[in-house]
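K.L.:
Have a look; sequence and predicted model below, questions after that.
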Amino acid sequence: MTPAMPTYFPDPAIMATFAVAALVLAITPGPDMALFISRTISFGTRHGLATVAGAITGITVHTLLVAFGISVLILTAPAAFMALKMAGALYLLWLAIDALRSGGGLTVTRSHRGKPPSLLGSYLKGLGINLTNPKVALFFVTFLPQFVSPADPNASGKLIFLGLEFVVVSLPVVFAIVFSARWLTATLAGSPVVQKALNWSFAAVFAAFAVTILTAEARR
């Protein structure tokens, strides 16, 4: 007899869907990617990896805060939780539209040569850009709740699991970014076709999530 999965594991279909969304987000150019590349080019691979470690720590902090806050919201104000889900769907739709309208792109700032910062300094740089980016915080607050039910007594555990899944899915991508930093800079900065393809992928995935959430809630 096969043992039952722990209750904090989301359904396999939800895990797979979330993994696709996390992968698309990880490969889409943004401030984190630009920082990983610029730190690697300026100070070497070790500093690029230290910056990645800082960003991953920031994601973990966001996940824990969201998991705790959303679980409290589910218990104390179910109507507010449902309103948050609806607002999250609209925000995802806005992200999809904004990706197509702004054109995305990647701006890499090269740090000055000379004495490199400490590895701790690079780690703190990655942590800081993640924790202080309001778009990252808003994304986690609005995106993660779409994958839990307000009636689920294990919602907080599942939110933490999904946050960790986001890290696991993102790690191979960010490692590849660091180890191919110079090639990525030339490709993304010099190829509008590649940038447009990434933006359209990002927009398609999150628009699909938004429409699914809005139609599902409307049928209730």
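P.N.:
Structure's in. What do you need?
K.L.:
now the lengthiest helix in the chain: mean pLDDT?
P.N.:
In the chain, taking DSSP state H as the definition, the longest helix is helix 45-76. Confidence over helix 45-76 (mean pLDDT, whole number) is 82.
K.L.:
Can you mark which positions in it are buried?
P.N.:
Residues of helix 45-76 classed as buried: 47-63, 66-67, 70-71, 73-74 (neighbour count, 16 or more other CB atoms under 10 Å). Backbone N, C-alpha and C define where each C-beta goes, glycine included.
K.L.:
For stretch 159-169, which outside residues touch it?
P.N.:
With contact meaning CB atoms under 8 Å, 6 or more residues apart in numbering, stretch 159-169 is reached by 8-10, 15, 18-19, 22-23, 26, 56, 59-60, 62-64, 66-67, 70-71, 140, 144-145, 147-148.
K.L.:
Could you report the pLDDT at residue 129?
P.N.:
80.
K.L.:
in what helix or strand does it lie?
P.N.:
Applying DSSP states H and E as the criterion places residue 129 in helix 119-131.
K.L.:
just so I have it, where are all the strands in the chain?
P.N.:
Taking DSSP state E as the criterion, the chain carries no strands.
K.L.:
how about the helices of it, start to end?
P.N.:
Counting by DSSP H, the chain has helices at residues 12-27, 31-43, 45-76, 78-102, 119-131, 134-143, 155-179, 181-190, 192-218.
K.L.:
Tell me which of the ones you listed is the most buried.
P.N.:
helix 31-43 (a mean of 22; mean count of other CB atoms under 10 Å).
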